[in-house]
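Novice: Using only what follows, build the 3D model:
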Amino acid sequence: MAKLKAIFITTHKRHKGDCAVAALATLLRVPYEEMLVAAAKVQPLVLVRGLHNDEIIEVAAAFGRVLVEESGTELDLKATGILGGKLASNTGEDEHAVVVSGGILFDPDDGEVWRVKDYIKHYGMTEVDMLELED
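Specialist: This is a model prediction of the structure:
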């Protein structure tokens, strides 16, 4: 069996609402603290309520990177970017953001690596959208 080569070192989230911050730090290979400072300039309540897609795009732009929002049933799950959606949980539905690339998913919540489709199915992810990273 062939070994998978890591393409990202996952930055773990540190607060309830910072999965998008950790996902952006992972995706753009920027230290968490630097990403948090940039995110707080866009959304001062980032640690309480997280970031919405337009805010994630704005934070990425502060680092000179472009994210393009894609949604619908024809998402390119092999693209590189941030996948977001609602996860079924014991407390209802929680929104979550993860890094994806080449069909592999890097979860800032626990550092686990999944196949994207398996993760979506396992966690019952709905209302899925993607912020694709432009080269």
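
Novice: wait, isn't G84 in contact with E55?
Specialist: No: in this structure, G84 sits apart from E55 without contact. The criterion is Cβ atoms under 8 Å, and the distance is 11.6 Å. C-beta coordinates here come from the backbone N, C-alpha and C atoms, glycine included.

Novice: Show me the common contact partners of these two, please.
Specialist: With contacts taken as Cβ atoms under 8 Å, 6 or more residues apart in numbering, G84 and E55 have A20 as neighbours in common.

Novice: ok, the two, which is more surrounded?
Specialist: Ranked by neighbour count (other Cβ atoms under 10 Å), G84 and E55 place G84 first, with 25 against 15.

Novice: what about the more buried one, which SS state?
Specialist: strand (DSSP: H, G, I helix; E, B strand; the rest coil).

Novice: Leaving out sequence neighbours, find the closest residue to it.
Specialist: Here the nearest residue to G84 in space, its sequence neighbours aside, is A97; by Cβ to Cβ, 6 or more residues apart in numbering that works out to 4.6 Å.

Novice: Same check on I82?
Specialist: Of all residues apart from its sequence neighbours, L131 sits closest to I82 (Cβ to Cβ, 6+ apart), at 4.5 Å.

Novice: isn't that neighbour right up against G84?
Specialist: Yes: L131 is in contact with G84 according to Cβ under 8 Å; the separation is 7.2 Å.

Novice: Check the contact lists of those two and give me the overlap.
Specialist: Counting by Cβ under 8 Å, 6+ apart, the shared contacts of L131 and G84 are N53.

Novice: Count the residues that sit near the nearest residue to V113 once chain neighbours are set aside.
Specialist: In space, V113 comes closest to F106 once its chain neighbours are excluded; the distance is 5.8 Å by Cβ to Cβ, 6+ apart. For F106, the number of neighbouring residues by other Cβ under 10 Å comes to 23.

Novice: Okay, and the beta partners of F106?
Specialist: With beta bridges defined as DSSP bridges, F106 has these partners: V99, V113.

Novice: check contacts around the residue positioned nearest the centre of the chain.
Specialist: The structure's the chain has its C-alpha centroid closest to V98; by Cα atoms, centre = their mean the separation is 2.9 Å. Contact analysis of V98 by Cβ under 8 Å, 6+ apart lists C19, A23, I82, L83, G84, L105, F106, D107, P108, D109, Y119.
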